[in-house]
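Student: Kindly generate the corresponding structure for this input.
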Amino acid sequence: MGADLSRQARTLRLFAAALRGKAVQCELAANMVETAAGFQAIRRVCAAADLAEIVAHPDLAYLDLQTRGFYDHG
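Tutor: Here you go, the predicted structure:
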């Protein structure tokens, strides 16, 4: 009887440890999603700033057109 309860307690502790490990994995995944969203926001802001810079300078606009034609062609 005592050994049976000891085995059950050990099993429950192992299960609890597995759940704590899964909770850490879920927390890591949530942090990765938030980080990815932040990087996407930064990318959008940088792309908008690059576009504004290119539009503001005609020589950059022409260079952008040339490079797009060269790199997008292949």
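
Student: Next SSE downstream of the longest helix along the chain?
Tutor: Assignment by DSSP state H gives helix 2-56 as the longest helix of the chain. Counting by DSSP states H and E, the element after helix 2-56 in chain order, helix or strand, is helix 58-73.

Student: Give the buried residues for that next one.
Tutor: By 16 or more other CB atoms under 10 Å, the buried positions in helix 58-73 come out as residue 64. No exception for glycine: its C-beta is placed from N, CA and C like everyone else's.

Student: Distance check, the spatially most central residue of the chain against residue 42.
Tutor: Central residue of the chain (CA atoms, centre = their mean): residue 36, 2.9 Å from the mean position. Distance, residue 36 to residue 42, using CB to CB, to the nearest Å: 11 Å.

Student: and what of residue 67?
Tutor: With CB to CB as the criterion, residue 67 and residue 42 are 23 Å apart.

Student: now stretch 47-67, how far from the centre of its chain.
Tutor: Distance, stretch centre to chain centre, for stretch 47-67: 29 Å (CA atoms, centre = their mean, to the nearest Å).

Student: from here on, count from 42
Tutor: From this message on, residue numbering opens at 42, which makes the last subject stretch 88-108.

Student: what about the residue nearest to residue 105 when sequence neighbours are not counted, how many neighbours?
Tutor: Among residues not flanking residue 105 along the chain, residue 95 sits closest, at 5.1 Å (CB to CB, 6 or more residues apart in numbering). Number of residues near residue 95 (other CB atoms under 10 Å) recorded here: 16.

Student: show me what contacts residue 95?
Tutor: Going by CB atoms under 8 Å, 6 or more residues apart in numbering, residue 95 touches 101-102, 105.

Student: what about the protein, any weak spots by pLDDT?
Tutor: Within the chain, the segments meeting pLDDT under 70 span 42, 114-115.

Student: Would you mind measuring from residue 76 to residue 88?
Tutor: 19 Å.

Student: I meant to write residue 102 there.
Tutor: Distance, residue 102 to residue 88, using CB to CB: 15 Å.

Student: next one: residue 112
Tutor: 16 Å.

Student: Tell me the backbone dihedrals of residue 98, please.
Tutor: Dihedral pair for residue 98: phi -120, psi 110, per degrees, to the nearest 10.
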